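> below: sequence and its predicted model.
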Amino acid sequence: MSGPQPQPQPQPPSLSHRALQAWQTNAAHWDATITKHGNKYWRRLQEPSLRRLLAPTLSKSGRGSSGNGGCRALDLATGNGLCARWLAANGAQDVLATDGCEEMLDLARGYWEGEEHGQGGGGEGGAGRMRMKFRKVDVTSEADLGRLVDEEGRFDVVVMNMAVMDVADLGPLARALAEGLVAGGGVFVATLLHPVFFTSGAARNIDVRFDPVTGECKVVRTKVIEEYMSVPPAMGIAVPGQPVKQVLNVHALKKQLYFHRPMHELFATFFKAGLVMDAMEELAFTAEDAEERIESSSNYTQLPAILAFRMRLP
């Protein structure tokens, strides 16, 4: 008579699942910090870059893929819908806002419904003239992306603002973009924390020097990069004070989970899928953005905080 059979051990949640779990917990605090209108990273770096990279496509609003004379736009990882509302205010007549986190989609829906009822949108405006839909999509899921392609077709503009570093596996997304999401003449534009100066785990150094002749104080800011080519998923925070910070231990979520990729690896995923890159920007703050906090990223004016790039079908 055999003894008790060993029970199968539960498998730990995947990295993608862990990342989404943390966003579910952090959604309200993230929204309160970023706000409906965006933070300084949005105002000073992200929005100006998106405007430059997307203006040529958004301006073709009369020749979009929708068949009704409007540009179709897809916002991946929409968060509270900030970028989706910006797309609607800047030429897109048909916007689909997606996120893998239902809590984020609830925030985005709420803001959009407020605009439709005339409550204003911090400069977005015009909500009633555009159509916006919301959909839950996990960009690491072949099934989710397959249904998205089958049911929604291709878009003139696909945007992923500040979320690439949150995605455990970019392969499914890259293939979906090339095979069914990006329309002919359309573009995919993404922004992310800079791989060299942020997700590599670069250390910030602050050197305070005094000129013995003039007596003037000079602050020299540098970053030290110890690892770049191979950096494991790392803990971090999206916004200061968040209640839960994505970590590897799903039962003690404390920090954001970031996925570093050196630039050649990042771009190769999309190149392999069949996309080509035609624009890239490295975004840094300027002296007018300087903060009182000596260690603030805003004070590192010579080292970019964000990487932005644009891809299309050949």
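Good, I have the coordinates. Numbering: from 1, shown residues only.

> tell me where the chain has strands.
71-76, 92-99, 131-136, 155-161, 182-193, 203-210, 217-224, 234-236, 256-258, 276-283, 306-312 (DSSP state E).

> just the residues contacting the second one, thanks.
Going back to what we said before, that points to strand 92-99. 58, 61, 64, 66, 68-79, 81, 84, 87-88, 105, 108, 112, 129-137, 148, 152, 155-157 (Cβ atoms under 8 Å, 6 or more residues apart in numbering). Any C-beta I mention is one placed from the backbone N, CA and C, and that applies to glycine too.

> just the buried members of those?
Buried members of those, counted by 16 or more other Cβ atoms under 10 Å: 58, 61, 64, 66, 70-79, 81, 84, 87-88, 105, 108, 112, 130-132, 134-135, 137, 148, 152, 155-157.

> which of the helices and strands in the protein ranks last by mean pLDDT?
Least confident element among the helices and strands of the chain, by mean pLDDT, DSSP states H and E: strand 234-236 (a mean of 71).

> how about the residue most central in space within the chain: what's its closest non-neighbour residue?
Taking Cα atoms, centre = their mean, the centroid of the chain lies closest to Met162, which sits 2.0 Å from it. Of all residues not flanking Met162 in the chain, Thr191 sits nearest, at 5.4 Å (Cβ to Cβ, 6 or more residues apart in numbering).

> and that neighbour, what are its bridge partners?
Asn161, Ala308 (DSSP bridges).

> can you give me the helices for the chain?
15-34, 40, 47-58, 82-89, 102-116, 142-152, 171-176, 263-273 (DSSP state H).

> how far off centre is the second one?
Chain-centre distance of helix 40: 15 Å, with Cα atoms, centre = their mean, to the nearest Å.

> what is the mean pLDDT for that helix?
Confidence for helix 40, expressed as mean pLDDT, is 95.

> tell me, how many residues neighbour Asp289?
Using other Cβ atoms under 10 Å, the number of residues around Asp289 comes to 17.

> which ones are touching the residue nearest to it when sequence neighbours are not counted?
Spatial nearest neighbour of Asp289, excluding adjacent residues (Cβ to Cβ, 6+ apart): Ser298 at 4.4 Å. Counting by Cβ under 8 Å, 6+ apart, Ser298 touches Lys40, Phe285, Asp289, Ala290, Glu291.

> my read: the third one touches Arg43, true?
In this case it means Asp289. No - under the criterion of Cβ atoms under 8 Å, Asp289 makes no contact with Arg43, lying 9.6 Å away.

> mind saving the C-alpha coords of stretch 134-142 as CSV?
Listed next in CSV are the C-alpha coordinates belonging to stretch 134-142 (Å, rounded to 0.1, in the frame of the first residue of the first chain):
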residue,chain,number,x,y,z
PHE,A,134,-11.5,51.1,-23.4
ARG,A,135,-10.3,47.5,-23.4
LYS,A,136,-8.2,45.3,-21.1
VAL,A,137,-5.2,44.0,-22.9
ASP,A,138,-2.1,42.3,-21.4
VAL,A,139,0.6,43.1,-23.9
THR,A,140,2.6,40.0,-22.9
SER,A,141,-0.4,37.7,-23.8
GLU,A,142,-0.5,36.2,-27.3
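
> which residues sit against it?
16, 20, 76-78, 96-100, 102, 105, 108-109, 112, 144-145, 148, 152, 160, 167-169, 172-173.
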